[in-house]
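sequence and predicted model, in that order:
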Amino acid sequence: MRIAVGELKQETNSFVPFTTTVRTFEEQYLHRGQALLTAFTGARLEIPGALGALAEAGAEVVPLIATAAMASGVVERASFEILLEEMLEHLRAAGPVDGVYLALHGAMILEDEPDAEAEIVRRVRAALPPGVPIAVSLDLHGHITPAMIQPDVAYIGYREFPHIDMYESGHRAARLLVDWINGKVRPVMALAKRPMIVSPDSARTGIPPLSDIVAAGRAMEAAGEVLHVSLFPVQPWIDSPGLGFAALVCADGDAAAAQRAAEQLARMAWDRRAEFEPDLVGLDEAVRIGLSSDGLTVVSDGGDAPSSGGPADSTAVLAALLHAGADHAGRLSICTICDAGAAAEAARAGVGKTVTLRVGNKRAREGEPLTVTGRVKIISDGRYILTGPGANGMTGEMGLTVVLAIGSIRLNLRSLPHFEWDTGIHTSVGLDPASAALVFVRSPAHFRASYAPIAARILIADTPGPTCVNMRRIPFTKVTRPLYPLDLIND
């Protein structure tokens, strides 16, 4: 059995003023051909999961390319063509294969095409003889469209959010592919959607109402009614028609059973839509609570989260800390800003030097840089290994990183908008989040997997920016209306 394996993954944010290029992919990783087989050693990601399943089946792996970009703006068509054509060239050169496994995200948008995944799958299918099966793993925040439902293609989404089952998702998709090729199953897909978007922290799979819908899907699988249930509360910063909550079901040859299950699960989400309302606090209030409370207060700055496509250079949090006098507090407050120019300027000054910098708001649509004075504590290349749940074992790339001490504030000033899921972004540069009064994390929800064990309390701040977690503040112009909770919709 010969199985081709490839990855082309990016999550698009429609509300940032920059695009995604080949360089954006390269900054995270781009592995070609045989390098794909060894590049992920120890990492709990989709590709290693798929490789594990294929090894168990005794399959020969035909490596294509594996690349992922940080969530960012729309993908340039020219860059997309370079990467997809390279993948297809590897596939055409490989000779006959029995199946293809792809790791995709589900929410990639191109300059001229709002449904990149449908195009990827269509063009991979065109490079294969008719009937060769394709199994695809998807992020739980994928924007699932009817155009993605194509012949000889099966999809499996992450089951967990925070994302702690990326490896398992790749393994499940590859295992399904092996069984498909061996004639043990005949996968058919069905999709059901509802016009609703969910603030990310409210869409955690371990809490109601989504946990109840997840449990219903798992019960369907356990009863043998369907093979796989995947739920997609969708990342909401996509300004595209048809945006909404999706239930995607894979059944064994019974398309009607798959559709019944999908409709039932989508209806459950719709009936409980009001329960997805997030519990938000104002930014100034979050700072006040953190500075006046015992233990560690972890605050989500979801408004400018790099894992959701934000530039991570908003100064709103730092300004609020300074306004509240956190620089004169008895305990530390920790926050981050992505600003390559300011990091380079501080690094040139050297450790121990006091510098005055204009930081942040270099890539954001609104706001001006903030002038601060601080002492350079640490200079790092920004590389670290994620050790928390989820992408455990993955190498993090923050680029040139400087820790600036502004009184009792520690500003983690880095060059690349790497996601802030793991405490390693701080421990790798000599900061101890557990001993701080306040830690602000530019992540809407995933940070909980790593920070919950050390936090006395976790707050979700209603911060501004292109990834704001208050759904009513998102400036949509292209989505299909009505859309809940922007609009009240009666059944």
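Cool, the structure landed. Residues are numbered from 1 along each chain as shown.

from now on I want contacts and neighbour counts done on CA atoms only, so please keep to that.
Will do.

so residue 163: helix, strand or coil?
Three-state assignment for residue 163 (DSSP: H, G, I helix; E, B strand; the rest coil): coil.

OK, contacts around residue 175?
For residue 175, the contact set (C-alpha atoms under 8 Å, 6 or more residues apart in numbering) comprises 50, 53, 54.

between these, which is closest to residue 183?
Sorting these by distance to residue 183 puts residue 54 at the head of the list, at 16.0 Å, by C-alpha to C-alpha.

so that closest one is in which element?
Taking DSSP states H and E as the definition, one finds residue 54 inside helix 46-56.

most neighbours of all the contacts of residue 175, which one?
For the contacts of residue 175, counting by other C-alpha atoms under 10 Å, the largest number of neighbours falls to residue 50: 27 neighbours.

touching, that residue and residue 173? I think so.
Yes - between residue 50 and residue 173 there is a contact under C-alpha atoms under 8 Å: 7.1 Å.

circling back to that earlier point, can you list the buried residues in the helix or strand just after the helix holding residue 54?
Scanning forward in sequence from helix 46-56 by DSSP H and E, the next helix or strand is strand 60-68. Neighbour-count burial for strand 60-68 flags 61, 62, 63, 64, 65, 66, 67, 68 (criterion: 16 or more other C-alpha atoms under 10 Å).

just the residues you listed now: which is nearest residue 184?
Distance ranking of those against residue 184, using C-alpha to C-alpha, places residue 61 first at 20.4 Å.

so for that closest one, what's the nearest residue that isn't a sequence neighbour?
With sequence-adjacent residues excluded and distances taken as C-alpha to C-alpha, 6 or more residues apart in numbering, residue 61 is closest to residue 3, at 5.1 Å.

where does that neighbour land in three-state SS?
Once three-state DSSP is applied, residue 3 turns out strand.

and the one 3 residues further on, by the same measure?
Secondary structure for residue 6, judged by three-state DSSP, is strand.

contact partners of the lowest-mean-pLDDT helix or strand in the chain?
Considering only helices and strands, the least confidently modelled element of the chain by mean pLDDT, DSSP states H and E is strand 395-397, at a mean of 87. Contacts of strand 395-397 from elsewhere in the structure, counted by C-alpha under 8 Å, 6+ apart, are 27, 28, 382, 383, 384, 385, 386, 416, 418.

what do you get for stretch 454-473?
13, 15-16, 197-200, 236-237, 278-283, 286, 294-305, 308-310, 314, 316, 434, 444, 452, 474, 485-486.

list the buried residues for that stretch?
For stretch 454-473, a neighbour-count test (16+ other C-alpha under 10 Å) marks 455-471 as buried.

could you list which of those residues belong to strands?
457, 458, 459, 460, 461 (DSSP state E).

which one is the fourth one nearest to, not counting chain neighbours?
For residue 460, the nearest residue in space outside its immediate sequence neighbours is residue 300; the separation is 4.8 Å by C-alpha to C-alpha, 6+ apart.

okay, now that neighbour: neighbour count?
29.

check which helix or strand it maps to.
Taking DSSP H and E as the criterion, residue 300 maps to strand 297-301.

direction included, what does that strand pair up with?
For strand 297-301, the paired strands and their directions (DSSP bridges) are strand 438-441 (parallel), strand 457-461 (parallel).

adding mean pLDDT and distance to residue 371, write those strands out as a markdown table.
Putting these into a markdown table (pLDDT from 0 to 100; distance: least, C-alpha to C-alpha, whole Å) gives the following:
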| stretch | mean pLDDT | distance to residue 371 |
| --- | --- | --- |
| strand 438-441 | 98 | 19 |
| strand 457-461 | 97 | 23 |
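
and residue 257, which of the ones you listed is closest to it?
Each of those was scored for nearness to residue 257 using C-alpha to C-alpha, and the closest is strand 457-461 (39.2 Å).

can you dump the C-alpha atoms of that closest one in CSV for me?
C-alpha atoms of strand 457-461 as CSV (Å, rounded to 0.1, in the frame of the first residue of the first chain):
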residue,chain,number,x,y,z
ARG,A,457,-8.2,32.8,38.1
ILE,A,458,-8.7,33.2,34.3
LEU,A,459,-10.4,36.2,32.8
ILE,A,460,-11.4,36.9,29.2
ALA,A,461,-10.9,40.6,28.5
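
tell me the spacing between the closest residue to residue 315 other than its chain neighbours and residue 398.
When the adjacent residues along the chain are set aside, residue 315 lies closest to residue 360, with 5.7 Å between them (C-alpha to C-alpha, 6+ apart). Here the criterion is C-alpha to C-alpha, to the nearest Å. By it, residue 360 lies 15 Å from residue 398.

do residue 472 as well
Between residue 472 and residue 398 the computed distance is 31 Å (C-alpha to C-alpha).

still on that earlier bit, and which of the ones in strands among the buried residues of stretch 454-473 is nearest residue 44?
Distance to residue 44, by C-alpha to C-alpha, is smallest for residue 458 among these, at 25.8 Å.

how about the nearest residue to the residue nearest the centre of the chain, chain neighbours excluded?
Centroid check for the chain by C-alpha atoms, centre = their mean gives residue 307 as the closest residue, at 5.1 Å. Closest residue to residue 307 in three dimensions, ignoring its sequence neighbours and counting by C-alpha to C-alpha, 6+ apart: residue 419, at 4.7 Å.

same question, residue 279
Distances taken as C-alpha to C-alpha, 6+ apart place residue 460 nearest to residue 279, at 7.0 Å, with adjacent residues excluded.

so the residue nearest to residue 460 bridges to which residues?
According to DSSP bridges, residue 441, residue 460 are recorded as the beta-bridge partners of residue 300.

so it sits against residue 448, correct?
No - Residue 300 sits out of contact with residue 448 when judged by C-alpha under 8 Å, with a separation of 9.2 Å.

find me the pLDDT at residue 364, would you?
Model confidence at residue 364, expressed as pLDDT, equals 72.

now residue 411: phi and psi?
phi -100, psi 110 (degrees, to the nearest 10).

make TSV out of the buried residues of strand 60-68 and add pLDDT.
As requested, those are arranged in TSV below (pLDDT from 0 to 100):
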residue	pLDDT
61	98
62	98
63	98
64	98
65	98
66	98
67	98
68	96
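
ok, what's across the strand from the residue nearest to residue 61?
The bridge-partner assignment for residue 3, based on DSSP bridges, gives residue 61, residue 99.

tally of neighbours for it?
By the other C-alpha under 10 Å criterion, the neighbourhood of residue 3 contains 24 residues.

and it, what is it in contact with?
Residues touching residue 3, when contacts are defined by C-alpha under 8 Å, 6+ apart, comprise 54, 59, 60, 61, 62, 97, 98, 99, 100, 101.

partner strands of whichever strand or helix holds residue 136, with direction?
With elements delineated by DSSP H and E, residue 136 resides in strand 134-138, which encompasses its position. Note on strand 134-138: by DSSP bridges, its sheet partners are strand 99-103 (parallel), strand 153-157 (parallel).

pick the most buried one from those strands.
Greatest average neighbour count among these goes to strand 99-103 (a mean of 27), per mean count of other C-alpha atoms under 10 Å.

centre of the chain to that one, how far?
Centroid displacement of strand 99-103 relative to its chain, using C-alpha atoms, centre = their mean, to the nearest Å, is 20 Å.

ok so, going back, how about the residue nearest to the centre of the chain, secondary structure?
The assignment at residue 307 comes out as helix when based on three-state DSSP.
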